[in-house]
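1. Below are the sequence and a predicted model for it; my questions follow.
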Amino acid sequence: MDTKRQALLLLLVLTIFPFTIKASSSGGIAIYWGQNLGDGTLTSTCDTGNYEIVLLAFLNVFGGGRVPSWNFAGHCGDWSPCTKLEPEIKHCQQKGVKVLLSLGGAIGSYSLSSPEDAKNVADYLNAKFLSGQSGPLGSVTLDGIDFDIEGGTNLYWDDLARELDNLRQQNSYFYLSAAPQCPRPDHYLDKAIKTGLFDYVLVQFYNNPSCQYNQANGDATDLLKSWNDWTSSVLPNNTVFMGLPASPDAAGNGYIPPNDLISKVLPIIKQTSNYGGVMLWDRFHDVGNDYSNQIKKYVKRPVLRFVTKVSEAIVGSISASLNSMFPN
Ligand SMILES: *[C@@H]1O[C@H](CO)[C@@H](O)[C@H](O)[C@H]1NC(C)=O
């Protein structure tokens, strides 16, 4: 091989390298915070070091001309601004934890009435939560917006995703996540998910017996089949998290004991290329059941071996180029 070709090859490897790393996400835990005082503070949540993503739950009144409102249970007093979270959000971000605002939830009053309404809501979210200007949570620049749409109508959520995507392309990038129920297609979020704009798809494998773990007999067949359907139906750059209850009473059903998750489920789902990790509902139940502490090290994917291989390839190609440039 001549020097020019060697140099070209080297350039190619160096160009591909960062993308390869980005594509092979290492696996982390996403957790919902904000629906129970037993969550503990946001600071203490992030200080566990257990979580990659914290989802603030919920902004549960918005759209259709409604005055937006949020519910963080007892954390701030009901229905009141929560600027005391500003330093805690910044603390989490300094520790490398991504903090997203979750829209929706099971209880609230929200819907979008038109594409223009979706644009207005996107602009509101951008101004109040994503741009560092003052808003209900203080002057914060959150890392993104989560769609946990479980009520209202199924209209215009795709428009909201596109409007938010326009804003992140124009300004600085933030993440979009969606938390559909496991039966496909999801009634509320299917159209939005099909835009391909969600960095994270946090599928709720609970309260949905047809596609979740069978607690009664320990059978993971339905769960794993649904996992395969989800991960193959979204785009390769949409990472999927397995959403689970953090304790037996965190949801009506769908709980997987840690040892079963570790032995029967994680080894299989970690092989999926767009595996993102595990999402837990919620911090309060995780505190009580010590779930994330038990599963944490098994959620991660061993990227090291992979990185080593790529590094070896790069070193090999550099030395080959040098050899051909300076033959001895
Ligand atoms: C995923 O890739 C497609 C192009 O194939 C792009 O349009 C979309 O914005 C990407 N999504 C994310 C979340 O980066």
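-> On my side now, so go ahead.

2. Could I get the contacting residues of the residue nearest to residue 146 when sequence neighbours are not counted?
-> Nearest residue to residue 146, sequence neighbours excluded (CB to CB, 6 or more residues apart in numbering): residue 102, at 4.0 Å. For every residue, glycine as well, the C-beta is placed using N, CA and C. By CB atoms under 8 Å, 6 or more residues apart in numbering, the contact list for residue 102 reads 32, 34, 55, 56, 57, 58, 59, 145, 146, 147, 148, 179.

3. average model confidence for the helix or strand encompassing the fifth one?
-> The reference is to residue 57. Following DSSP states H and E, the helix or strand that holds residue 57 is strand 53-62. On average, the pLDDT along strand 53-62 is 97.

4. before we move on, what about stretch 223-232?
-> The model assigns stretch 223-232 a mean pLDDT of 98.

5. Now which of the contacts of residue 102 would you call buried?
-> Using 16 or more other CB atoms under 10 Å as the burial test, these include 32, 34, 55, 56, 57, 58, 59, 145, 146, 147, 148, 179 as buried.

6. biggest separation within those, which pair?
-> Greatest spacing in the buried ones among the contacts of residue 102, by CB to CB: 34 and 147 (15.9 Å).

7. and for the helix or strand hosting residue 232, what are the contacting residues?
-> Secondary structure assignment for residue 232, by DSSP H and E: helix 221-233. The contact list for helix 221-233, computed with CB under 8 Å, 6+ apart, reads 182, 184, 201, 203, 205, 210-214, 240, 242, 265, 268-269, 272, 274-275.

8. Give the buried residues for that helix.
-> When burial is assessed from 16+ other CB under 10 Å, helix 221-233 yields the following buried residues: 222, 223, 224, 226, 227, 230, 231.

9. how about the strands in the stretch 101-250 of the chain?
-> Secondary structure of the stretch 101-250 of the chain (DSSP state E, counting those that start in this stretch): strands located at 109-110, 134-135, 138-139, 144-149, 175-178, 200-204, 239-245.

10. Quick check: can you name the pairing partners of the strand holding residue 57 and their directions?
-> As defined by DSSP bridges, the strand partners of strand 53-62 come to strand 28-33 (parallel), strand 69-70 (antiparallel), strand 98-105 (parallel), strand 109-110 (parallel).

11. What pLDDT is listed against residue 39?
-> Residue 39 is assigned 97 on the pLDDT scale.

12. Nothing else from me, thank you.
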